[in-house]
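Undergrad: turn this into a model:
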Amino acid sequence: MPDDIARWLNEHAHPLSTLTPGAPVEDLKPLGEALRGTRIVGLGESTHGTGEFFRLKHRIVEFLVREEGFTTLAMEASQSAARALDAYVRYGTGSPERLVARLGFWTWRTREMVDLVEWLRAHNRDLPEGRRVRFVGTDPQLCADSVEAVAAFLRRTAPDQAGRVDALDVLARARPGSLPDPDKALLRRAEEIAHLVADHVERSGPGDDEADADEALEHARILVRAADLVTRPFEAPADEDGVYAARDRYMAEAVARLVDDDPEARVMVWAHNGHITKGTYGDRVPALGSRLRERYGAAYYALALLFGKGSFLARRGNDLQSPPVPHRIGTGLRSLEARLTHAVPGDYYADLRAAGSPADAGSWLRAPYAQRSFGANVQGLLYRLNTAPIVPAEDYDGIAFVARSTCSHLLPPAED
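TA: Numbers count the residues shown, from 1 in each chain. Okay, the predicted model is just below:
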C-alpha cells in the first residue's frame, strides 16, 4: 500500500460514530461543511443489496434535511410509481410497504427503505406543505401507474380516444432495450397520446380539476420517455444514442427539472456509484453525475459509498425473476477498497475536495485503481472479480467507507 494513502486519510478521514439513523449527527458535520454551496448531492453505493448503505444513507438524509435544508430525495426508481410514494411521504396516503414494493426494482423492496420513507412521512407530518420533503423517481422505465393514469384521464375527458392507450400497456413491464424498434412506432404512439392529453389540459375549463390534469400530463410525458428507452437497441454503442446513455440522460433531466423549477431546491440523488460518478461507467457511458457536473459545476457533489468486506444481496446471472441471494467477498488485495481498509480502521467519511491543489494532495487521489461494482445482478462465481476503474478525485468528491457489509432485508412477497 502506498504510504500516501494512509498518510492522507489519517489527516482527512472523519470517523463515523454509527451507521444507525436517529443518532447524534456531530460526526456528519464535516459532510455538511463540504456541501455548503452545493444544490445536489449524489449518494452512491457499490452494491444495491447492502444493509449498511441503506442505513447510512438514511442517516445522511435525516442530517441533510434537518441540518442543511435539503428538500427532495430523488431515487433511481420508477418515475411513475414514485409519484404515489411521494403522496404518502407528503400527505400520508397509502401503505408505505405496498408503495415501496411497487418502485420497480427488487433492490428497493427492503425493510430499510420502508424505514426511510416512514421517517420522511414523520418529518413532514406537522410541516406546512411548502416545507415538506418530496420523494421523486428519476427512471422512466416500468410505468404501470402512468399507463393507468393516462387511460383514466382519457376515459373521463375523451372516452372515444381512451382505447388508444391500450397499445402502451407493454410499458408497464418493459425494460430498456427490450423492444428494439428502428421505426419507433411505439414511441410515436406515446407522443401522439401525450399531445392528446396536452390538448385536453389546455382546453380544460375553470371547473376542471387542474391538479388532476397536470398529473395526467406528467404521466403522459413519462410514457414518452419510457417508450424511447424500451425501443432503443440494447446493443447500441455507448454514445448519446445508446440505451444506457439515454437512461442516465433522462435521470439527469429529472434532477435538473427539480433544481431549475425551484431556486430553493436542494436535491439528494440516490443511485449506484456508477450513476453518480462525475465521469463514465461501463463501456464509457456518460453517467448521470457527469451530466449534473457539466450543468451545475461544483454545485453537484458526488459521494461514493464503498465497503471493505462482507455480504450483499444480488440476483445471479441474467435472471430477472428469482429472488436475490447473498453473495460474499473478502477484503482482497488489489482493489481500492482493500487499500482503504488497511489505511484507516472502521467506518469513515473523507472529503476528496479537501485535497486542495494537486501539489497539496497525495498522488493516490489522481492515480487509477479498481473499485468493486455490483449491480442488481452479478455474474455467477466470477462476481468477486467484478470491478470498475476509478481515479478517486476525478470520479468522486467524497467517499463514505463502511468496513463490513451485510445483506439488506427484503420485504415479504406482496399478497394479491
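Undergrad: wait, doesn't Gln371 sit right on Gly332?
TA: No: Gln371 lies out of contact with Gly332 (Cβ atoms under 8 Å); the separation is 11.6 Å. For every residue, glycine as well, the C-beta is placed using N, CA and C.
Undergrad: which one of these two is surrounded by more residues?
TA: Applying other Cβ atoms under 10 Å to Gln371 and Gly332 shows that Gln371 carries more neighbours, namely 22 against 16.
Undergrad: list the contacts for that one?
TA: 46, 273, 304, 306, 335-337, 387-390 (Cβ atoms under 8 Å, 6 or more residues apart in numbering).
Undergrad: neighbours around the nearest residue to it once chain neighbours are set aside, how many?
TA: Nearest residue to Gln371 in three dimensions, chain neighbours excluded: Ile390, at 4.2 Å (Cβ to Cβ, 6 or more residues apart in numbering). For Ile390, the count of nearby residues is 24 (other Cβ under 10 Å).
Undergrad: what bridges to Ile390?
TA: Counting by DSSP bridges, Ile390 forms beta bridges with Tyr369.
Undergrad: I'd assumed Arg366 was in contact with it.
TA: No: with contact defined as Cβ under 8 Å, Ile390 does not reach Arg366; the gap is 11.1 Å.
Undergrad: and the helices in the stretch 101-250 of the chain?
TA: For the stretch 101-250 of the chain, applying DSSP state H, counting those that start in this stretch gives helices covering 111-124, 144-157, 185-203, 210-231, 243-261.
Undergrad: quick check: neighbours shared by Ile390 and Arg366?
TA: By Cβ under 8 Å, 6+ apart, no residue touches both Ile390 and Arg366.
Undergrad: could I get the helices of the stretch 101-250 of the chain in CSV, plus columns for mean pLDDT, mean neighbour count and distance to Leu99?
TA: Formatted as CSV, the helices of the stretch 101-250 of the chain follow (pLDDT from 0 to 100; neighbours: other Cβ atoms under 10 Å; distance: least, Cβ to Cβ, whole Å):
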stretch, mean pLDDT, mean neighbour count, distance to Leu99
helix 111-124, 98, 20, 8
helix 144-157, 95, 20, 10
helix 185-203, 93, 17, 24
helix 210-231, 93, 21, 16
helix 243-261, 97, 20, 19
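Undergrad: out of those, which is closest to Phe63?
TA: Nearest of those to Phe63, taken as Cβ to Cβ: helix 111-124 at 11.7 Å.
Undergrad: export that closest one as CSV, just CAs?
TA: Listed next in CSV are the C-alpha coordinates belonging to helix 111-124 (Å, rounded to 0.1, in the frame of the first residue of the first chain):
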residue,chain,number,x,y,z
ARG,A,111,-37.3,-3.0,5.4
GLU,A,112,-34.6,-0.4,5.3
MET,A,113,-36.3,1.6,2.6
VAL,A,114,-39.6,1.4,4.4
ASP,A,115,-37.9,2.8,7.5
LEU,A,116,-36.6,5.7,5.5
VAL,A,117,-39.9,6.7,3.9
GLU,A,118,-41.7,6.3,7.3
TRP,A,119,-39.1,8.8,8.7
LEU,A,120,-39.8,11.2,5.8
ARG,A,121,-43.5,10.9,6.5
ALA,A,122,-43.0,11.6,10.2
HIS,A,123,-40.8,14.6,9.4
ASN,A,124,-43.4,16.0,7.0
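Undergrad: any low-confidence regions in this structure?
TA: Counting by pLDDT under 70, the ranges of the chain that qualify are 1-3, 205-208, 236-239, 355-362, 414-416.
Undergrad: repeat the analysis, applying 50 as the threshold.
TA: The model of the chain has pLDDT under 50 over residues 1, 357, 416.
Undergrad: any of the contacts of Gln371 buried? List them.
TA: The neighbour count (16 or more other Cβ atoms under 10 Å) marks 46, 273, 304, 306, 335-337, 387-388, 390 as buried among these.
Undergrad: can you redo those as TSV with distance to His12 and secondary structure?
TA: Below are the buried ones among the contacts of Gln371 laid out as TSV (distance: Cβ to Cβ, whole Å; DSSP: H, G, I helix; E, B strand; the rest coil):
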residue	distance to His12	secondary structure
Ser46	20	coil
Asn273	20	helix
Ala304	15	strand
Leu306	15	strand
Ser335	20	coil
Leu336	16	helix
Glu337	17	helix
Thr387	24	strand
Ala388	23	strand
Ile390	17	strand
